[in-house]
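Undergrad: got a predicted model here, sequence first, then my questions.
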Amino acid sequence: MVDFYEVMQRIREILSTQIKKEKVLDKDIAHALHINPQNYAVIKRRKRIPYEAIAYFSKTNKINMTWILFAQKPQYCISSKTYGTPNKE
């Protein structure tokens, strides 16, 4: 089972490097996930993981969603431009 607090801790780690703040607040996480802070408080209280918001956050920040949810490496997505696209035969 995916733990809400572990997932939010990984998002907190990402945000701490992006916004260069030692302490990332819940309102910072809510803003990064494009969630109203009051709604985030409800989500946090219910321990509901906002999968859609995390998917969008992952895509826009090029972070591997599997890493956010399950702590599986790699943390960052690899661009297909770097390694090329597979041949279509």
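TA: Alright, I've got the coordinates. Residues are numbered from 1 along each chain as shown.
Undergrad: which ones are touching Glu52?
TA: For Glu52, no residue meets the contact criterion (Cβ atoms under 8 Å, 6 or more residues apart in numbering). Using the backbone N, CA and C atoms, a C-beta is placed for each residue, glycine as well.
Undergrad: any idea how far it is from Lys23?
TA: Using Cβ to Cβ, to the nearest Å, Glu52 is found at 27 Å from Lys23.
Undergrad: low pLDDT regions in this protein?
TA: Residues of the chain meeting the criterion pLDDT under 70: 74-89.
Undergrad: make it 80
TA: For the chain, the stretches flagged by pLDDT under 80 are 73-89.
Undergrad: quick check: which helices or strands does the lengthiest helix in the chain pack against?
TA: Determined from DSSP state H, the single longest helix within the chain is helix 4-18. With contacts defined as 3 or more Cβ pairs under 8 Å, 6 or more residues apart in numbering; DSSP states H and E, helix 4-18 has these neighbours: helix 26-32, helix 51-61, helix 65-70.
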